[in-house]
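K.L.:
got a structure for you, letters missing:
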């Protein structure tokens, strides 16, 4: 076995007793390629099924959540008025898909804690089910002084 004269490390980089034959290297490359193809196929399948893998728990699907232009001004209300506006038993309740759209808009915009919490309560979702995007925290609006 050839060695590097300066460091006495085998030329193929393997430590003593761990050198692979050419056939073993070819087999390892083949197994690595198979694993890469399996991982890519699994990721494609997950993407095509929107994360709803067969046999898995079915999550709530909110179709039409992105058409919320006429509902977006509700986010300009004060926190208490906003909570009243999105209540499920309000005079004219917002559909759940529009509430989800408002949650998505708020999370990727101002991301204010009372608004995000109110929307999560209305939809009965946990932090793990929040829409993608934004930072993993919300912006606290608690008053520091009485002003």
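P.N.:
Cool, the structure landed. Only a predicted model underlies this, so the values are computations on that prediction, with no experimental measurement involved. Numbers count the residues shown, from 1 in each chain.

K.L.:
domains of this structure?
P.N.:
Here the domain parsing of the chain from automatic domain parsing is 1-59, 61-147.

K.L.:
quick check: mean pLDDT across the shortest one?
P.N.:
Which is domain 1-59. The pLDDT scores in domain 1-59 average 74.

K.L.:
elements contacting the helix ranked longest in the chain?
P.N.:
The longest helix of the chain (DSSP state H) is helix 22-48. Applying 3 or more C-beta pairs under 8 Å, 6 or more residues apart in numbering; DSSP states H and E, we find helix 22-48 packed against no helix or strand. From N, CA and C alone the C-beta is placed, and that goes for glycine too.

K.L.:
now that helix, how far from the chain's geometric center?
P.N.:
25 Å (C-alpha atoms, centre = their mean, to the nearest Å).

K.L.:
let me know the next secondary structure element after that helix.
P.N.:
Later in the chain than helix 22-48, the nearest helix or strand by DSSP states H and E is helix 79-85.

K.L.:
counting contacts, what elements does that following helix pack onto?
P.N.:
helix 113-123.

K.L.:
neighbouring contacts of the helix it packs on?
P.N.:
Residues from elsewhere that reach helix 113-123 (C-beta atoms under 8 Å, 6 or more residues apart in numbering): 60, 75, 79, 82-83, 86-88, 96, 99-100, 102-103, 106-107, 126-127, 130, 138-141.

K.L.:
of the residues you listed, keep whichever come out buried.
P.N.:
Buried by 16 or more other C-beta atoms under 10 Å: 75, 82-83, 86, 99-100, 102-103, 106-107, 130, 138, out of the contacts of helix 113-123.

K.L.:
can you put those in a markdown table and add distance to residue 26 and pLDDT?
P.N.:
Shown next, in a markdown table, are these (distance: C-beta to C-beta, whole Å; pLDDT from 0 to 100):
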| residue | distance to residue 26 | pLDDT |
| --- | --- | --- |
| 75 | 60 | 94 |
| 82 | 64 | 94 |
| 83 | 65 | 93 |
| 86 | 62 | 92 |
| 99 | 57 | 93 |
| 100 | 51 | 92 |
| 102 | 56 | 94 |
| 103 | 52 | 93 |
| 106 | 55 | 93 |
| 107 | 49 | 91 |
| 130 | 47 | 83 |
| 138 | 53 | 84 |
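
K.L.:
many thanks, I have nothing further to ask.
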